[in-house]
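what's the 3D shape of this:
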Amino acid sequence: MSDLKAFTNETRSDRASMQTLSRNGKTVVKFVAQSGVVAVVAAETPDALLTALRRKLERKLRRSGHLKQADSVAE
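Numbering: from 1, shown residues only. From the prediction side, this is the model:
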């Protein structure tokens, strides 16, 4: 992953950071949560799929006790 070239879009907030990366014509978005969790997602992934995956992950984390209701991301 270190040979990916970062370009144009990098944002940071107190919740997470986001960086757009490109290599061989492929573009991905790298998210780093405040907790240090890293997700790399293809830029062409539909928003509906990302929303569904987020809901599924939040459900699993709540069920396992790793995420409280207040920790969920609002839409």
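
On the three-state scheme, R59 is what?
On the three-state scheme (DSSP: H, G, I helix; E, B strand; the rest coil), R59 is labelled helix.

neighbours of S17, just the number please.
With neighbours defined by other Cβ atoms under 10 Å, the count for S17 comes to 14. Where C-beta positions appear, they are placed from N, C-alpha and C, glycine not excepted.

I figured it hits V32, correct?
Yes - S17 is within contact range of V32, at 4.7 Å (criterion: Cβ atoms under 8 Å).

Work out for me the element M18 sits within.
With secondary structure defined by DSSP states H and E, M18 is part of strand 16-23.

Partner strands of that strand and their direction?
In its sheet, strand 16-23 lies beside strand 5-12 (antiparallel), strand 26-33 (antiparallel), with partners assigned from DSSP bridges.

Least confident of those, on average?
The weakest mean pLDDT among those belongs to strand 5-12, with a mean of 50.

thinking again about what came up before, got the buried residues for the strand holding M18?
Under the neighbour-count criterion of 16 or more other Cβ atoms under 10 Å, strand 16-23 has Q19, T20, L21 buried.

Can you check the pLDDT for the second one?
Per-residue confidence (pLDDT) for T20: 91.

In the sheet, which residues pair with it? Tell me.
For T20, the beta-bridge partners under DSSP bridges are V29.

is it true that it touches V29?
Yes - under the criterion of Cβ under 8 Å, T20 lies in contact with V29, with a separation of 5.6 Å.

Quickly list what's touching both of those two.
Residues touching both T20 and V29 by Cβ atoms under 8 Å, 6 or more residues apart in numbering: A43.

Please determine how far T51 is located from E58.
Separation of T51 from E58 (Cβ to Cβ, to the nearest Å): 11 Å.

what's the answer for F31, then?
For F31, the distance to E58 under the criterion Cβ to Cβ works out to 15 Å.

got it, and N24?
Following Cβ to Cβ, the distance that separates N24 from E58 is 33 Å.

So for those two, which sits in the more crowded spot?
With neighbours defined as other Cβ under 10 Å, N24 and E58 compare such that E58 has more, 15 against 6.

mean confidence for stretch 38-50?
The pLDDT scores in stretch 38-50 average 90.
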